[in-house]
Every structure is written in structure tokens, then in C-alpha cells.
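In: predicted model, plus sequence, below.
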Amino acid sequence: MITRRSLRPQADEQCSTGIHGIREAALVVAGTTTAVFLVCLVALWIFAGPGRARERREIVIPAGTADLIAAGENPLDLPANWSFRSGDVLVLDNRDDVGHYVGAWFSPYGEVTEITVTASATVFCTLHPAGQIYIDVTPRRTDWMLAVPPTLLIGPAFGLVLLMALRMLQRLEDPETVAAAEAARRRRRDREPEPVAPGATGNPGLSSLITGPE
């Protein structure tokens, strides 16, 4: 008599369990990332403080400014630390004989250049005798894009850690999970062929052909 056992229900059960695990992991990571993003927005709202209208700051660069700066003077009386609010516009009216740099922005001579300030940085500057300035930019509450980098850096990693902790708690607290794991191990053991002893196959083996001295 030949008996057959279908493995399709077991395969369907394993597939369903895998899909459920993937869905659970995606929900945990997405939920944690969203929570981190909301926390970053609240922190930005507190740090930015009350807003104000965008300002335009104009600096007129007269002729001979480059020569005076090369001599170590500060003809424009510029501070080494410039404070701005995100979105402020710095206007450079260059009437000097040469062009000037403020960070990556270049102001050609004889032209008016407008620079929209968005982020804090220490930049190269040919208008200051030290050769550099620090642009201190306070963000606005509407600059929600500033919350994206820390969210992407912290959110998914924290979500994966939380997911692993939840999985460990589920295994420790859920007796059904332990029973299911034990049943799965038992099914795998039942499907494995049992080792057959040499004498059980009808083959006498080499040991039966060797007879001792009579």
C-alpha cells in the first residue's frame, strides 16, 4: 500500500507566515520613521521660534576695496560672523575693479548679485581680511525639509531595532509560537529519511563474509 502526504498546506502556511512577517516589519519601520519625522518637526518648531519677514541686506563694495583688504584693513567693517534667517537675501553691489567671492557665490565687478541664504556654514570670503566668514542661519518653522535627513538616518534603524525587540518578546510570551516552532521541527524530522542499518537491507555486508577459524 502506498500512502501519499500533501505538503501544499504546509507550504501555504509558511508562505502566509512569511508575508505576514514582511507586512509587520514594513508597518513597524514605517510607523517608527513617521514618528521620528514628527519629533523632528516639533524640535524644528521649537528651535526656529517665531518667524519674521524675509530681509534684504545690501552691501556696497566701492572701488579699491580689494587693495585695502590685501593690506589687512576691513573697509566694509564686516563682522566675522553674519547672522541671517533662512530665506534672507544678501545683495552685493560690486563697484570694485575685481570680482569677489562669498562662499560658492561670485559677484562680478560692475554687477549686482543677489544671494539667498539657506544654511549655516563657514565659507571663503574675499570681503573680509581674515579670508573667511561664518554664516549663521536660523531656520524657519516652515523649513520642513531640514527634518528629512535626521529622519532617514534615525527612523529606519530605530524601527529595525524595535522590530527585533518585538519579535523576541513575542517568542518569549507566546506559547503558540513555541508550539508551532516545535511542531515545525517535528515535521522536518519526520520528513527526513531514517538511517538504515547495514544488516537491515538484506546485504550481509563484509563482516558476514569473514568467518573466524574453527
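Out: In hand now; what should we look at? Numbering: from 1, shown residues only.
In: helix or strand right after the top helix by length along the chain?
Out: Longest helix of the chain, by residue count under DSSP state H: helix 8-48. Per DSSP states H and E, the first helix or strand lying C-terminal to helix 8-48 is strand 56-61.
In: about what we covered before: same for the longest helix of the chain, what does it pack against?
Out: helix 148-173 (3 or more C-beta pairs under 8 Å, 6 or more residues apart in numbering; DSSP states H and E). (Glycine included, C-beta is placed from N, CA and C.)
In: what comes up buried for the helix it packs on?
Out: Of all the residues in helix 148-173, those buried under the rule 16 or more other C-beta atoms under 10 Å are Thr151, Ile154, Gly155, Phe158, Gly159, Leu163.
In: how about the last one, nearest residue that isn't a chain neighbour?
Out: The one in question is Leu163. Val28 (4.6 Å; C-beta to C-beta, 6 or more residues apart in numbering).
In: right, and that neighbour touches Met164 too?
Out: No - with contact defined as C-beta atoms under 8 Å, Val28 does not reach Met164; the gap is 9.8 Å.
In: can you list the domains in the protein?
Out: 15-50+141-176, 56-139 (automatic domain parsing).
In: any idea of the mean pLDDT in the first one?
Out: When pLDDT is averaged along domain 15-50+141-176, the result is 84.
In: tell me the centre residue of the protein?
Out: Leu153 (2.6 Å; C-alpha atoms, centre = their mean).
In: nearest to Asp190, out of the domains of the chain?
Out: domain 15-50+141-176 (19.4 Å; C-beta to C-beta).
In: which secondary structure element contains Ala119?
Out: Residue-wise, Ala119 maps onto no helix or strand under DSSP H and E.
In: tell me, how many residues neighbour it?
Out: 11 (other C-beta atoms under 10 Å).
In: ok, it - contacts?
Out: Taking C-beta atoms under 8 Å, 6 or more residues apart in numbering, we find Ala119 in contact with Ser86, Ile135, Val137.
In: and those, which is closest to Ala80?
Out: Among the contacts of Ala119, Ile135 lies closest to Ala80 (C-beta to C-beta), at 10.6 Å.
In: in terms of helices and strands, where is the closest one?
Out: Assigned by DSSP H and E, Ile135 falls in strand 132-138.
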